[in-house]
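Novice: pasting the sequence and the predicted model now:
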Amino acid sequence: MHKAERRTITTQTVRETEAEAVAFIVGQAVGLELGTSSADYIQLYHGNAALLAESLEVIQRTSAVILTALRAEEPENPAA
């Protein structure tokens, strides 16, 4: 997904903000304790709430693709 055509028309700030937001969502979904590291990283690249809002569709779509792939890799639980 990071090599999509969209990559050539976005800034590094947009790419880093979106990537970190996706990492945060996926990390939270799998149970990682992330603290403020994602917010700190986004601020490092001058990302902000407005940029996150503008990128929400991309962030949600990318996160969903990754989480779906992770769930497909989970072994089935015969006891469930």
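Specialist: Received it, and whenever you're ready, just let me know what you need. Computed from a prediction, not measured in an experiment: that's the story for all the values here.
Novice: return the distance of the host helix or strand of V65 from the chain's centre.
Specialist: Using DSSP states H and E, V65 sits within helix 56-73. On the basis of Cα atoms, centre = their mean, to the nearest Å, helix 56-73 sits 8 Å off its chain's mean C-alpha point.
Novice: buried sites along the lowest-mean-pLDDT helix or strand in the chain?
Specialist: Sorted by mean pLDDT, DSSP states H and E, the helices and strands of the chain end with helix 37-44, the least confident at a mean of 91. For helix 37-44, a neighbour-count test (16 or more other Cβ atoms under 10 Å) marks S38, Y41, I42 as buried. C-betas here are computed from N, CA, C, even on glycine.
Novice: look up how far I59 lies from the spatially most central residue of the chain.
Specialist: For the chain, V22 is the residue whose C-alpha lies nearest the centre (Cα atoms, centre = their mean; 0.4 Å). Counting by Cβ to Cβ, to the nearest Å, the separation of V22 from I59 is 6 Å.
Novice: what stretches of this protein score poorly on pLDDT?
Specialist: Flagging of the chain using pLDDT under 70 yields the residue ranges 1-4, 77-80.
Novice: change it to 80
Specialist: Residues of the chain meeting the criterion pLDDT under 80: 1-8, 74-80.
Novice: leaving out the residues flanking it, which one is nearest to L34?
Specialist: G27 (5.2 Å; Cβ to Cβ, 6 or more residues apart in numbering).
Novice: and the one you found, helix, strand or coil?
Specialist: At G27 the chain is in helix, as set by DSSP: H, G, I helix; E, B strand; the rest coil.
Novice: burial count for it?
Specialist: Neighbour count of G27, defined by other Cβ atoms under 10 Å: 14.
Novice: check whether it really touches A21, as I assumed.
Specialist: No. Between G27 and A21 there is no contact under Cβ atoms under 8 Å: 10.6 Å.
Novice: joint contacts of the two?
Specialist: When contacts are counted by Cβ atoms under 8 Å, 6 or more residues apart in numbering, G27 and A21 are jointly contacted by S38.
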